[in-house]
Structures are given as structure tokens and as C-alpha cells.
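Asks: kindly return the folded structure for what I paste below:
(one chain, ligands or ions: 2)
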Amino acid sequence: MSKEKIEKKIKEEIELDPVTADTIAKEFKEHSVAEFFKKNKQMLGLYGKVRTLTTIIHEYVSNSLDACEEANILPEIEVKLDELGEEYYEATVKDNGPGLTEETVGKAFGQLLAGTKFHRMMQARGQQGIGASGCTMLSQSTTGKATKVITGKGDGKVISLELTIDPKMNQAKITNFKKVDKEYRGTAVQAKFKGVIYKDTQGGVLEYLRRTAIANPHAQIKFRDPKGQTVLFKRTLTHIPKKPKEMKPHPLGTTVDDLVTMSKYTESRKAGSFLKNEFDRVGDTSLQKIQNMIRFDLNKDPHQLSWEECEQLIQAFKKVDFIAPSTEGLSPIGEDRIKKSLESIVKPEFVVTLTRKPKIYAGGYSFQIEVGLAYGGNAGERTSSNPEDVKVELMRYANRAPLLFDGGSCAITKAIQSVEWKRYGVRDLDSAPLAVFINFISVHVPYTGAGKQAITDEEEIMEELRLSLMDCGRRMGIYLGAKRREHDRKMKQEMFYKYIPEIATALSSVTKEKKETLITKLEKLVKDKLGLEKLEAKIKSKQVGKEEQEKADDEIGKAVVVEDEGSGDE
Ligand SMILES: Nc1ncnc2c1ncn2[C@@H]1O[C@H](COP(=O)(O)OP(=O)(O)OP(=O)(O)O)[C@@H](O)[C@H]1O
Ligand SMILES: [Mg+2]
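Replies: Ligands and ions are numbered 1, 2, ... in the order given. The predicted structure follows:
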């Protein structure tokens, strides 16, 4: 068709069916959040056959761990996968948590954007209110079947029900509701999914649970795979981690918009008491300093604060020397526990760990970084049966939940790649027998998407991640340096020993001393010169590791002081 003909046809079609504001208005429809996520499952990380199954288990297991910890219960979690057909599986996750009530069970599993964690400033694995319900929706949209839930509070009564989500209303449709007399405390969920595959690979369920066990040494996790094989990740810690407390936002990092919104809903009657009551680390002294820097009275009603006045407050906050954010809302794993976990699960030759002090990023949220570097032994990923064919293993976590996907867009990966590992004795990071463990903890993790697999590379986060890695890298470097020196000395010894018999023969003919005596004396001379006897004795008494660690601690002390003065590292 010629150009003229095409243009004529388009003109005719437009004339026949003109698009006006009125026709557009007729097309306008509203849709619920459930309809939105039903159409955009990929935003919840529910795409890719293996990834989807791992994400489902991740959502259920994270909820179980959150619930147990909140109720001060040592988690005991059972995960089962059954293959029902081609790319068709049934997932069952059972916990010994506090259970759910008749009123909340429907909302928990059958309503998107509903939950207990979104409005709280407290460290938890979940934070959006879409994990469990997203799985319910995926199950019904791929199999047409309902999700089964059994839950009990340990009071002799157990609720059992089946549910689906009404996408238009974003509400749970409950069927087969039963209340039975039974002693069970916890929640068990069972759902079927099509278009998913179980694989024992890097992004698979088994690897996900292995990593969960490393960062949650207090949890016992039992997994039965579709072939019926059972793996038990035993707890290596028998007490529950300190429960994080709910926190207030820190003034540094709070935005004008946050302040405006908070001021509208506060119960305080004066702007001063609003700041004191609803922000972390605001006391009388800092209030006085703020008052001296702004052009309105802090006795003013906070509900009447204008955008411009909030801007003044934010400017003033920046000039006040606030105490660092309180750490009560954060629950780090701890250096010793990370070390034990990595030793027992990764089985490396050497581990260094570090838990840094909390910092804040935009929004007034505090965060803390924990690093573990496991070197040698079984550390690193092995893709073939050749033990030499090893790859660095990056273990990313947010609030102790493993992040297995979207590594390329995650601040943790970017920080690891930005560090000059050569400085710390690792010549080629990619092929190093090394596991890099990083746990990012915060009351609000700034994920790049609703799938919760990558952390945003905010400036403060990147800087702190790099400093943490470099701190830990130095410790490892000192150990690797000592190892390398020992190796070099051994090589030199071998070289000298090779020539000793020849030298002894020549000397013996000149001095008439026995050849054997000369050999013994020369060997001792070599050992003394290289300091090998002392080194061997130290290695036998395990002094080397200890001394190197102490030396590393001293070095870190010095390094931290230098970094705090703002020199950076590289
Ligand atoms: N196993 C469980 N035991 C007790 N409560 C649970 C359990 N699973 C879910 N819940 C409750 O249901 C709510 C909704 O869970 P859901 O996974 O949808 O959201 P979330 O965990 O709050 O956030 P996210 O979407 O980030 O996972 C949770 O906030 C929690 O209160
Ligand atoms: Mg959740």
C-alpha cells in the first residue's frame, strides 16, 4: 500500500471512531492492588520456574521466623515439597510460632498489603504485607486451587480453613472453616503451584534454606525435597536473639515530607514536644539549639506547621550534633555467632567476622552491617568436581533473610566489587576460595523492588558497606600474609635442603668432619636462619592464628580511627 493510501485509511478510521475526552472517560476503570499484582507477579519476584518456587518458600519461611522471634520462641520450621505433576508442586511450611487468630488469619494469607510490619519501625524480614497473600494469589491463578491454613495458639483449639483472594475486593474468600480440639501452637500453610520447578542449584530451595540456617543459628529447619530426601539444619545456638524494640526515626535523614506528614497526625500539642516524643535522640538540649536556629516558636501547634517551617527544622537538624541512632530496634547476629555458623556450615580454613556500629541513611532509618569472610577449606562455590575450580560465593542478607536473586543491582554486590581485594591478599576475587557473608540490618530495608531481593545503593549504605568490607578484609589480609610468608619460608627451606648433601660432601673432604654431622648442622643452620623452628612450634601450639588475630584487632583499631577522621581507605 502506498504512503498516501495508508494516511487516507488512518484518517478515515479516526473520523469513524474519534477519541475524545468523553470516550477516554468511559474507559476509566479502577482496579485493586490484588488485580495489579495478579497482572504484575514479576514485581513480587514470582517469575522464572526455579526462582518462583524459592521465592514462595522464602516468603513462608521469613514469616515463620519473624513470628517466632516476635513471640520469643525458638523456631522449629518444617518445609516440604511434593511433585504433583510436570512443573506442578505442593509446598508445605509448618512452624511452632504464636499462631494467628480467627480474625487475622484471612487477612494474613488472603489480603494484599495487610500485615503487622508495615507501620512499625522494627527490624523484621517482612515489611510490606504482600508475601503470604502474593503466594495465595499465585497458587489460585496457576492451579485454580485454594491455600490451606492450619493455625493454633496452643490453647487446645485449632483453626483449619481454605482460602483464595477475591481480586476485585482484595479480600479473603474463606471456605471449609473448621475449629477442632487439638493441641498445636503455630501456623502451617499448604499451597499448590503450577509452572514451577525444583532444582538443587544455586537459586534453589535447598540453597536458600542452607543460607537461612547460616544467618539464623537459633532456628531448626527441616527440609524434605520432592524426592523424599530429608535435610536437617540443626540449631547451633539455643537462645533466641535479643528481640528488637520498635524505634523512632532519627532526625538526621528525616525529610521535609516525612516531617510534614508526621506533624499532621501527632498527638502532641506543641511542636517542641512533637519533636521530643516522636524522634529518636531529641532532648531538651537539642531542642534549645533548634529553637535558636529557626524563625518560629517551638510552642506552636505542630498541626499548624507549614512546609516552609518544616524546611527550617530540617536545616536546623543538620547543624545539631545528635547522638548516633539508638540500636534497640536492631538485632545483629553477632561476630561470634556468624563465625560459628560459617565454620559449621561452610567449613572453611579461616573465618574473620565483624559487626559494625549502626549508621543512618535517608529517611532517618538506622542500619548496621555485619561481615564474615570465610577463606580456604570448603569456602567458595564449586561448579565442577575439580576442587581447584572454585568461585567466590557472595552471601547477601537483609535482616537475616538470604537474598539469592538480582545480585547485579544490589548495593552489597556493588560494594564487594568496588573493594580492591588485592590489598588484602586476594589476587583474583572471582576465583578465590572465599565466601563473603554480609548481613544488612535495618528497621526499613530500602529494597529496589517489591520482590525484596536487592538493596538500593544509597550513598550512606554504599560507604558503610565498603568500610565494613575493608575492615574485615584487613583482618583476612594479615592472616593470608602470614600464611604466604610461611609458604615462602618452606619453599626456601626446600631449596637449601636440596644443596646441603653436596655442600656437606665438599666440606667433609676439606674439614675431615663426618658428612652426617655436617648435614645435621647445616639443616639446623637453615632452620635457624629462616626462623622455621620457632614458626613450627607456634603453629603446633596454635599461637599463629591467635597472634595474627590480635595483631589484626590492633590494626583495625588504628584503621577505624583513621577512617573516622574521614580519610577513607583506597
Ligand atoms: N507463620 C505466621 N505466623 C504468624 N503470623 C504470620 C505468619 N505468616 C504471616 N503472618 C502475619 O501475616 C502478615 C502478612 O504476611 P505477609 O508475608 O503477607 O506480609 P509481611 O510479612 O508483613 O511483609 P512482606 O510482604 O514483606 O513479607 C504478617 O505481617 C504477619 O502478621
Ligand atoms: Mg512476609
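
Asks: Leu518 reaches Ser509, doesn't it?
Replies: No. With contact defined as C-beta atoms under 8 Å, Leu518 does not count as touching Ser509 (10.6 Å). For every residue, glycine as well, the C-beta is placed using N, CA and C.

Asks: can you classify Ala91 by secondary structure?
Replies: Classification of Ala91 using DSSP: H, G, I helix; E, B strand; the rest coil returns strand.

Asks: kindly report the same for Phe37.
Replies: Per three-state DSSP, Phe37 ends up helix.

Asks: tell me where the model's unsure across this structure.
Replies: 363-364, 387, 532-570 (pLDDT under 70).

Asks: look at Leu518 and Ser509 and report which has more neighbours.
Replies: Set side by side, Leu518 and Ser509 show more neighbours around Leu518, with 19 against 10, by other C-beta atoms under 10 Å.

Asks: Phe274 belongs to a strand?
Replies: No. Phe274 sits outside any strand when classified using three-state DSSP, being helix.

Asks: so it sits against Pro302, correct?
Replies: Yes. Counting by C-beta under 8 Å, Phe274 touches Pro302, with 3.9 Å between them.

Asks: shared neighbours of the two, anything?
Replies: Taking C-beta atoms under 8 Å, 6 or more residues apart in numbering as the contact rule, Phe274 and Pro302 both touch 263, 266, 268.

Asks: can you list those in CSV and add neighbour count and secondary structure?
Replies: As requested, those are exported to CSV (neighbours: other C-beta atoms under 10 Å; DSSP: H, G, I helix; E, B strand; the rest coil):
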residue, neighbour count, secondary structure
Ser263, 22, helix
Thr266, 18, coil
Ser268, 16, coil
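
Asks: out of those residues, who's nearest Lys11?
Replies: Closest approach to Lys11 among the shared contacts of Phe274 and Pro302 (C-beta to C-beta): Ser263, at 56.0 Å.

Asks: what residues are up against the closest one?
Replies: Per C-beta under 8 Å, 6+ apart, neighbours of Ser263: 271, 274, 302-303, 305, 310.

Asks: identify the farthest-apart pair in those residues.
Replies: Taking C-beta to C-beta as the measure, those span a maximum distance of 12.2 Å, between His303 and Cys310.

Asks: the two: which is more packed in?
Replies: Cys310 (22 against 13).

Asks: how is this structure divided into domains?
Replies: Segmentation of the chain into domains, based on automatic domain parsing, reads 51-233, 256-319, 335-471, 479-564.

Asks: residue of the chain nearest ligand 1, please.
Replies: At 2.2 Å from ligand 1, Gly126 is the closest residue in the chain, using C-beta to the nearest ligand atom.

Asks: so how many other residues sit close to that residue?
Replies: The local packing of Gly126 (other C-beta under 10 Å) involves 21 other residues.

Asks: for it, helix, strand, or coil?
Replies: coil.

Asks: out of everything not next to it in sequence, what's closest to it?
Replies: Leaving out its chain neighbours, the residue that sits closest to Gly126 by C-beta to C-beta, 6 or more residues apart in numbering is Lys117, at 5.1 Å.

Asks: so where does the one you found fall, helix or strand?
Replies: If you go by DSSP states H and E, Lys117 is not part of any helix or strand.

Asks: please verify my assumption that it contacts Ile130.
Replies: No. Here Lys117 does not reach Ile130: they are 10.9 Å apart, not a contact under C-beta under 8 Å.

Asks: which of the two has more residues huddled nearby?
Replies: Legend: neighbour count by other C-beta under 10 Å for Lys117 and Ile130, higher for Ile130 (25 against 18).

Asks: please name the nearest non-neighbouring residue to that one.
Replies: Leu112 (5.1 Å).

Asks: dump the residue contacts of that neighbour.
Replies: Per C-beta under 8 Å, 6+ apart, neighbours of Leu112: 33-34, 37, 129-130, 133-134, 137, 165, 170.

Asks: distance check, Lys234 against ligand 2.
Replies: 25 Å (C-beta to the ion, to the nearest Å).

Asks: count the neighbours of Phe233 for me.
Replies: With other C-beta under 10 Å as criterion, Phe233 counts 20.

Asks: what does this structure have sitting close to ligand 1?
Replies: 59, 63-64, 67, 95, 97, 100, 108, 115-117, 126-133, 187 (C-beta under 6 Å from any ligand atom).

Asks: just the buried subset of those residues, please.
Replies: Buried subset of the residues of the chain next to ligand 1 (neighbour count, 16 or more other C-beta atoms under 10 Å): 59, 63-64, 67, 95, 97, 100, 108, 115-117, 126-127, 129-133, 187.

Asks: which ones among those lie within strands?
Replies: Under the assignment DSSP state E, these contribute Thr187 to strands.

Asks: which of the buried ones among the residues of the chain next to ligand 1 come close to ligand 2?
Replies: Among these, the ones lying near ligand 2 by C-beta under 5 Å from the ion are 63, 126, 131.

Asks: what sits against the nearest residue to the last one once chain neighbours are set aside?
Replies: For Gly131, the nearest residue in space outside its immediate sequence neighbours is Glu59; the separation is 3.7 Å by C-beta to C-beta, 6+ apart. The neighbours of Glu59, taking C-beta under 8 Å, 6+ apart as the test, are 126, 131-132, 134-135.

Asks: again, only using 10 Å
Replies: 44-46, 91, 93, 125-126, 130-135, 138, 189, 401, 452 (C-beta atoms under 10 Å, 6 or more residues apart in numbering).

Asks: next one: Asp297
Replies: 270-272, 291 are the contacts of Asp297 under C-beta under 10 Å, 6+ apart.

Asks: just among those, which is most surrounded?
Replies: Within the contacts of Asp297, neighbour counts (other C-beta under 10 Å) peak at Ala271, which reaches 27 neighbours.

Asks: and the closest residue to Ala188 other than its chain neighbours, how many residues sit next to it?
Replies: Leaving out its chain neighbours, the residue that sits closest to Ala188 by C-beta to C-beta, 6+ apart is Lys94, at 3.9 Å. By the criterion of other C-beta under 10 Å, Lys94 has 20 neighbours.

Asks: so what's the residue in the stretch 451-570 of the chain positioned nearest to ligand 2 up against?
Replies: Nearest residue of the stretch 451-570 of the chain to ligand 2, counting by C-beta to the ion: Lys452, 8.8 Å away. With contacts defined as C-beta under 10 Å, 6+ apart, Lys452 is in contact with 44-45, 55, 58-59, 62, 125-128, 130-131, 398-399, 401, 403, 405-406, 445.

Asks: check Ser431 too.
Replies: Counting by C-beta under 10 Å, 6+ apart, Ser431 has contacts 380, 388-392.

Asks: relative to ligand 2, how far out is it?
Replies: 37 Å.

Asks: ramachandran angles for that residue?
Replies: Note on Ser431: its backbone torsions stand at phi -110, psi 20 [degrees, to the nearest 10].

Asks: can you give me the strands in the stretch 51-200 of the chain?
Replies: Counting by DSSP state E, counting those that start in this stretch, the segments of the stretch 51-200 of the chain that form strands are 76-85, 88-94, 147-153, 157-166, 171-181, 185-194.

Asks: just the stretch 201-350 of the chain next, same as before
Replies: 220-224, 230-233, 350-355.

Asks: Thr143: which of these is closest?
Replies: Of the strands of the stretch 201-350 of the chain, nearest to Thr143 by C-beta to C-beta is strand 220-224, at 20.8 Å.

Asks: got the angle for the closest one vs strand 88-94?
Replies: Orientation check (axes from the mean of the first three to the mean of the last three C-alpha atoms, to 10 degrees): strand 220-224 against strand 88-94 gives 160 degrees.
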